[in-house]
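model this:
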Amino acid sequence: MTHLTVHEWGRVGVHNDGGQVPPRHFSRRQANALLAAARAHPLSGNEGTAILSDHHRHLTARQQVGVIAAPGCSLEILPKIDPDDAQDDAGIRRRLVRMLDVALGLNIGDGQAAAMAKQDHTLLEILIRLFADRLFAEAKRGLPRAYMAQQEDLPSLRGRLNVTRQFTHNAVRPDRLACKFDNLIADTPLLQIMKGCVLCLRRHAVAFETVRRLDELRFLLADVSDLSPNALPWKQVKIDRTNRRWETLYGLARLFLKREWQSTHADPTARHGITLLFPMNKLFEAYITALMKRALADTNLTVHAQGGFLNCLIEEGENGEESFQTKPDIRIKDGQRTIMVIDTKWKRISSNINDKKRGVSQSDVYQMMAYARLYQPNEVMLLYPHHAGLGTASLDAGYIIAGGNEKMRIVSVDLRLMDAALTNQLTEILGSTKDIVH
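Alright, predicted model coming up:
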């Protein structure tokens, strides 16, 4: 089994000739299998190159992070947070796990995520182990059970008599009674999903301790039905006060087995492994949104993601049709009024002090000018990840939009900080704007 790691926009070698495959290379057969898995993925794009592109002698990763798997091989793609940290894969995995934890609401916690990410495992292996350990701990506390309706032919009456069945199937069997009763069992939709996830992950786990833990879980869930990934009863599960402690596990199972915004893909045949990919720009946006909600939790302000939908243009005429709809990444509102619009950009901002534009694209500035006009906030902001080239202090540059009084800021945030410290940094960024925090 060949496991290799690359960073966003990085490349990994492909050995096209016969003989022994060099280190840090895939064979051509393995490369073709990874490309096929990438093309089959929902994030692949129209030409199948949005995840991996083939350059004969190497594969180039794009701006999706996670793990893409194929028979006999897997490729881990890590975010390129800071080129100065390029050799610290364990540290980058730790940050990535934290971002996923906050953005997806998994409630893993800094301690457990950090402990797992320090080990020499891929992101997929780390998440499998997190799921297995948490499920094992909950299973040892006791499996949730529910009364399920059952029917069975018994020698004595239990529950109610199924009259129809008694006088048809049991007409010639007076020694048998067709009984209908409720039985308290563990074979519930929630645990069927848990077991389905265990069985799926067992085929793809590599580390010995993780495999052993998954085997223990199979034993603990022996009384739960085995269902294929396509037959799992997702719609029948309701998280309420009776099973609230299983909410994080349910979220992790969805992460592995369901196709949602993070675009997880599990091949139902289990022949091509699990491909777990996240568009880094969307993950960064979701992470910052979640932390901003924490930063403003004690204020009257609210944080709204991916909304607004105001249009830029209206056709002339009595019934002018609107067009060119906008969708800001984040809006901060005071009641019904938008007081700040923020767009997160997963890009490397320029550290060249002579570059007055700071590497910000012209189209991004035009976009923010449109937001300032349409939503009329106090301020619009472009928010970037910080990198060492910018120095130790985070970037915070303010501007006045020409022809008006609208303000725009360009800000960087340090993803090397733990979540609490980064939340404090965001509080300071928001608090330094007039009338943003009351």
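
chain center to stretch 193-200, what's the gap?
Distance of stretch 193-200 from its chain centroid, counting by C-alpha atoms, centre = their mean, to the nearest Å, is 19 Å.

which residues are contacting it?
Here stretch 193-200 makes contact (C-beta atoms under 8 Å, 6 or more residues apart in numbering) with 131-132, 135, 214, 217-218, 221, 224-229, 232-234, 237, 249-250, 252-253, 256-257, 266, 270, 274. From N, CA and C alone the C-beta is placed, and that goes for glycine too.

And stretch 296-306, by the same measure?
Stretch 296-306 is contacted by residues 285-286, 289, 292-293, 327-335, 339, 427, 430, 436-438 when judged by C-beta under 8 Å, 6+ apart.

at 6 Å what do you get?
The contact list for stretch 296-306 (C-beta atoms under 6 Å, 6 or more residues apart in numbering) reads 289, 292-293, 327, 330-334, 437-438.

tell me which residues in stretch 208-223 are buried?
210-211, 213-214, 216-217, 220-221 (16 or more other C-beta atoms under 10 Å).

same deal with stretch 284-303?
Within stretch 284-303, the residues scored as buried using 16+ other C-beta under 10 Å are 284-296, 301, 303.

ok, and what's touching the longest helix along the chain?
Ordering each helix of the chain by length in residues (DSSP state H) puts helix 123-141 first. Helix 123-141 is contacted from outside by 67, 76, 93, 108, 116-117, 201, 205-207, 210, 213-214, 217, 220, 249, 252, 276, using C-beta under 6 Å, 6+ apart.

Figure out how far it is from the centre of its chain.
Per C-alpha atoms, centre = their mean, the displacement of helix 123-141 from the mean C-alpha position of its chain is 17 Å.

Please name the strands paired to the next helix or strand after that helix in the sheet, noting orientation.
Following helix 123-141 in sequence order, the next helix or strand is strand 146-154 (DSSP states H and E). Sheet pairing of strand 146-154 (DSSP bridges) gives strand 177-185 (antiparallel).

Quick check: phi and psi on the nearest residue to residue 400 once chain neighbours are set aside?
Once flanking residues are discounted, residue 400 sits nearest to residue 407: 6.1 Å by C-beta to C-beta, 6 or more residues apart in numbering. Main-chain dihedrals, residue 407, degrees, to the nearest 10: phi -110, psi 150.

go on, residue 195?
For residue 195, the backbone dihedrals (degrees, to the nearest 10) come out as phi -70, psi -40.

what about it, distance to residue 224?
5 Å (C-beta to C-beta, to the nearest Å).

Between the two, tell me which one has more neighbours.
Under the criterion of other C-beta atoms under 10 Å, the comparison of residue 195 against residue 224 puts residue 195 first, with 25 against 21.

count of neighbours near residue 340?
By the measure other C-beta under 10 Å, the count of residues near residue 340 is 26.

so is it in a helix, a strand, or just coil?
Here residue 340 is strand, with the state taken from DSSP: H, G, I helix; E, B strand; the rest coil.

Hmm, residue 331 and it touching each other?
No: counting by C-beta atoms under 6 Å, residue 340 stays clear of residue 331, with 7.2 Å between them.

what do these two both touch?
The contact sets of residue 340 and residue 331 do not overlap (C-beta under 6 Å, 6+ apart).

Against which helices or strands is whatever helix or strand residue 421 lives in packed?
Using DSSP H and E, residue 421 sits within helix 419-431. Contacts defined by 3 or more C-beta pairs under 6 Å, 6 or more residues apart in numbering; DSSP states H and E place helix 419-431 against helix 280-295.

after the helix it packs on comes which helix or strand?
strand 301-305.

C-alpha coordinates for that next one, PDB please?
The C-alpha trace of strand 301-305 is given here as PDB (Å, rounded to 0.1, in the frame of the first residue of the first chain):
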ATOM      1  CA  LEU A 301     -25.100  41.200  16.700                       C
ATOM      2  CA  THR A 302     -25.700  38.100  14.500                       C
ATOM      3  CA  VAL A 303     -23.500  36.400  12.000                       C
ATOM      4  CA  HIS A 304     -25.000  35.200   8.700                       C
ATOM      5  CA  ALA A 305     -23.200  33.000   6.200                       C
END
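
between that strand and helix 280-295, what angle do the directions make?
Between strand 301-305 and helix 280-295, the angle comes out at 170 degrees (axes from the mean of the first three to the mean of the last three C-alpha atoms, to 10 degrees).

Tell me where this protein is predicted with low confidence.
45-48, 83-87, 109-120, 259-273, 432-438 (pLDDT under 70).

So which of the contacts of stretch 193-200 belong to helices?
Using DSSP H, those in helices are 131-132, 135, 214, 217-218, 249-250, 252-253, 256-257.

Buried among those residues? Need that as a selection in PyMOL.
To isolate the buried members of those in PyMOL, using 16+ other C-beta under 10 Å:
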select buried, resi 131+132+135+214+217+249+250+252+253+256+257
